[in-house]
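Peer 1: sequence plus the predicted model coming up.
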Amino acid sequence: MSHQKKRHLSLKQQQNINKHRQKLIARRSNQRLSDMKHLEEELLSQQGDQLETYKGIVISRYGKSADVMLLDEGKFTQEHKRCFMKASLDDLVVGDYVYFHDINDEQSFIVEKEDRSNLITRYYFNKARNIVANVSTMIITSSINPTLNTEIIDRYLIVAENNGVRPLILINKVDLLETEEDKQIVEDIIQYYNNLGYKTLAVSVKDKLNIDLIREQLDRGLHILVGQTGVGKSSLINAIFNQELMTVGEINYDTKLGKHTTTTSRLFKLNDYSALIDSPGIREFSLDNYNETQLLRGYKELHDSEYTCRFSDCNHNNNLGCGIIKLKEDNKISEFRYQNLRNLLQQLKES
Ligand SMILES: Nc1nc2c(ncn2[C@@H]2O[C@H](COP(=O)(O)OP(=O)(O)OP(=O)(O)O)[C@@H](O)[C@H]2O)c(=O)[nH]1
Ligand SMILES: [Zn+2]
């Protein structure tokens, strides 16, 4: 990697790295022999050589290591590194920007992580698990078949709103709409979300409809694709990149492993500054363990102070200063969004 430009570190970063080295020296005497120590020692032995520091982005996590793509002055490259990290950085997730040193040709060591602009978390049995960081766009994918489920769209919107991520809503497979009535229903839904300020597109991978408009929306940053199984996420990735990058709707019966069992995530570069990250953990995460405040925060219609419930313990079932009921009475929320909100509140009560 010696041909790569040396990254100029800020004073603070240099100090942090120096501090880290000193800590390693202090720790050396009382640390048990372990793989990590071995790596750290190797790192230390090279101190005199003025280790170069590179910036990268985490694209996969495996236990105690991470795959990092090298960034060249902020631009995505094709170069990947398998990295180990100091213990305090073991919460690294896909999307984290990191600084690392090369230990040898195969191995590198991450010494610092940049502050995250956002972090998407999911809950497994009440335990928070970080999924991905620094996301610019959450591409919320839904489709006409098996059924257009706006409640799931709304669930993802809640996650996006609560994490400071811009949503882009795609309604795929519109080629399957047969009647004028169905077309109108879908058009109304799309218009409603667009009016709310969420960019929403009708697309068809089959007919190559509006794929160029999707690309236009993704000119900078890290993007993730979310949505239920079968809505056409893999098909969309192939269409956006105009390449067969993903296997569409197939299961490998020889190994009895579906493609969902792949644990690695992949970063697909759209241009120097824009990339799409795909991994099973990201694709399948859903809204769980959200509290009522977060849920209501996820509904843009309620952001107007006029529609804030007067009492913090409002049960949203009687008219006494309830923002949700007022919203409905004033016709400031569509029927489908209102029903979804009611359903989500009900599910919260039952959980
Ligand atoms: N009619 C129609 N079918 C489509 C379209 N896009 C995708 N499909 C089909 O939908 C099925 C599922 O597509 P995938 O791309 O595998 O869906 P996915 O969301 O990646 O599914 P998971 O990997 O299970 O999450 C496949 O049979 C695709 O051919 C479309 O625009 N129109
Ligand atoms: Zn209320």
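Peer 2: All right, it came through fine. Numbering: from 1, shown residues only. Ligands and ions are numbered 1, 2, ... in the order given.
Peer 1: quick one: end-to-end length of stretch 91-110, please.
Peer 2: 12 Å (Cα to Cα, to the nearest Å).
Peer 1: would you indicate which residues of it are buried?
Peer 2: 92-103, 107-110 (16 or more other Cβ atoms under 10 Å). (Each C-beta comes from the backbone N, C-alpha and C, glycine too.)
Peer 1: how far out from the middle of the chain is it?
Peer 2: Remark: stretch 91-110 is offset 20 Å from the chain centroid, using Cα atoms, centre = their mean, to the nearest Å.
Peer 1: repeat for stretch 169-177
Peer 2: Using Cα atoms, centre = their mean, the offset of stretch 169-177 from its chain centre is 22 Å.
Peer 1: point out the residues in the stretch 101-250 of the chain that sit beside ligand 2.
Peer 2: The stretch 101-250 of the chain has no residues near ligand 2, with proximity defined as Cβ under 5 Å from the ion.
Peer 1: quick one, strands of the stretch 101-250 of the chain?
Peer 2: 107-113, 119-124, 127-133, 137-143, 166-172, 199-202, 221-226 (DSSP state E, counting those that start in this stretch).
Peer 1: state the distance from L236 to N242.
Peer 2: 12 Å (Cβ to Cβ, to the nearest Å).
Peer 1: what residues does the stretch 251-351 of the chain have near ligand 1?
Peer 2: Applying Cβ under 6 Å from any ligand atom, we find that the stretch 251-351 of the chain lies next to ligand 1 at R283.
Peer 1: point me to the residue of the stretch 251-351 of the chain nearest ligand 1.
Peer 2: R283 (5.6 Å; Cβ to the nearest ligand atom).
Peer 1: what is the neighbour count of that residue?
Peer 2: Neighbours of R283 under the rule other Cβ atoms under 10 Å: 18.
Peer 1: can you pull the contacts of it?
Peer 2: Neighbour list for R283: L225, V226, G227, K233 [criterion: Cβ atoms under 8 Å, 6 or more residues apart in numbering].
Peer 1: which ChimeraX command selects the buried ones in the residues you listed?
Peer 2: Provided next is the ChimeraX selection string for whichever of the contacts of R283 are buried by 16+ other Cβ under 10 Å:
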select :225,226,227,233
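Peer 1: the contacts of R283: which two are farthest apart?
Peer 2: Longest distance between any two of the contacts of R283 is 8.0 Å, between V226 and K233; criterion Cβ to Cβ.
Peer 1: anything in contact with each of the two?
Peer 2: Taking Cβ under 8 Å, 6+ apart as the contact rule, V226 and K233 both touch T141, R283.
Peer 1: and for V186, the neighbour number?
Peer 2: V186 has 15 nearby residues by other Cβ under 10 Å.
Peer 1: that one against L148, yeah?
Peer 2: Yes - in this structure V186 lies within contact range of L148 using Cβ atoms under 8 Å: 6.7 Å.
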